[in-house]
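Enquirer: Below are the sequence and a predicted model for it; my questions follow.
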Amino acid sequence: MWIPPKVCDSFFDLYGGGRVYFGRAQRGGGQSAGTPPIMARIECEPYYPPGWFVVSRKKAMLAINRLMQDNTIDGQTFLPDWLVSDCYRGEVERLRSIMAAAADEIEEHWEAHCDKDGFGPVNLVRRLRTGKGDYRKSGEWYDCAHCDAGYPDQECTCGKSSS
């Protein structure tokens with residue numbers, strides 16, 4: 001596990017305001033070999049998620065500095081596509097870890113989430129674990145723990161669901 005850097009190795013002012021910072025991650029425990037990955041943080045809210053993310057495409061700080069300087073015009077830097085991609089990939093990973101933690105929390109306190117017959121939010125936990133199922137794509141959302149319905153437009157077949 002990697003911890004965000006305490007010291008930035010370099011930063012660049014962005015065109016239109018904001019700044020991007022680069023630094024080496026710190027070891028957060030466990031064993032790892034080799035050089036820690038480079039992490040970046042884009043400060044240009046609300047356009048980019050806050051926080052540090054691992055730069056997966058580039059491994060050398062000198063190469064990153066050279067690429068960022070190549071994207072500079074009159075002292076203003078434009079973000080390269082690979083950096084924006086890594087930023088959003090890092091945000092997706094962060095959100096998936098939150099989803100997994102929510103599923104763990106529900107499973108730890110299962111009794112508090114069950115109905116009087118002992119059926120709990122099976123489908124919610126499954127969606128949190130897999131990341132599949134989007135209720136916004138459909139006007140209807142059926143969720144029945146009794147017959148395991150719960151995806152968009154998948155209706156309850158047991159007749160015990162209130163939806």
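Expert: Looks like it came in fine. Numbers count the residues shown, from 1 in each chain.
Enquirer: Quick one: low-confidence residue ranges for this protein.
Expert: Within the chain, the segments meeting pLDDT under 70 span 1, 30, 32, 113, 115-120, 123, 132-163.
Enquirer: any idea which residue sits dead centre in it?
Expert: Val92 (2.4 Å; C-alpha atoms, centre = their mean).
Enquirer: That residue: what secondary structure?
Expert: Secondary structure assignment for Val92 (DSSP: H, G, I helix; E, B strand; the rest coil): helix.
Enquirer: This structure: helices as residue ranges?
Expert: For the chain, the helices defined by DSSP state H cover 61-70, 81-108, 110-113, 122-130.
Enquirer: I'd like to know which of those is closest to Val55.
Expert: helix 81-108 (5.4 Å; C-beta to C-beta). Quick note: C-beta positions are derived from backbone N, CA and C, even for glycine.
Enquirer: Just name whatever secondary elements that closest one is in contact with.
Expert: For helix 81-108, the elements it packs on are strand 38-43, strand 53-54, helix 122-130, judged by 3 or more C-beta pairs under 8 Å, 6 or more residues apart in numbering; DSSP states H and E.
Enquirer: Of all the residues in it, which ones are buried?
Expert: Within helix 81-108, the residues that count as buried by 16 or more other C-beta atoms under 10 Å are 83, 86-87, 90, 99, 103, 106.
Enquirer: Stretch 21-32 too?
Expert: 21-25.
Enquirer: circling back: is it possible to get CSV of the helices of the chain that adds distance to Pro37?
Expert: Formatted as CSV, the helices of the chain follow (distance: least, C-beta to C-beta, whole Å):
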stretch, distance to Pro37
helix 61-70, 11
helix 81-108, 10
helix 110-113, 37
helix 122-130, 27
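Enquirer: So for stretch 50-67, first residue to last residue, what's the gap.
Expert: 22 Å (C-alpha to C-alpha, to the nearest Å).
Enquirer: Show residues contacting that stretch.
Expert: Outside stretch 50-67, the residues that touch it by C-beta atoms under 8 Å, 6 or more residues apart in numbering are 2, 4-5, 9-10, 22, 24-25, 35, 37-41, 43, 80, 82-83, 85-87, 89-91, 94.
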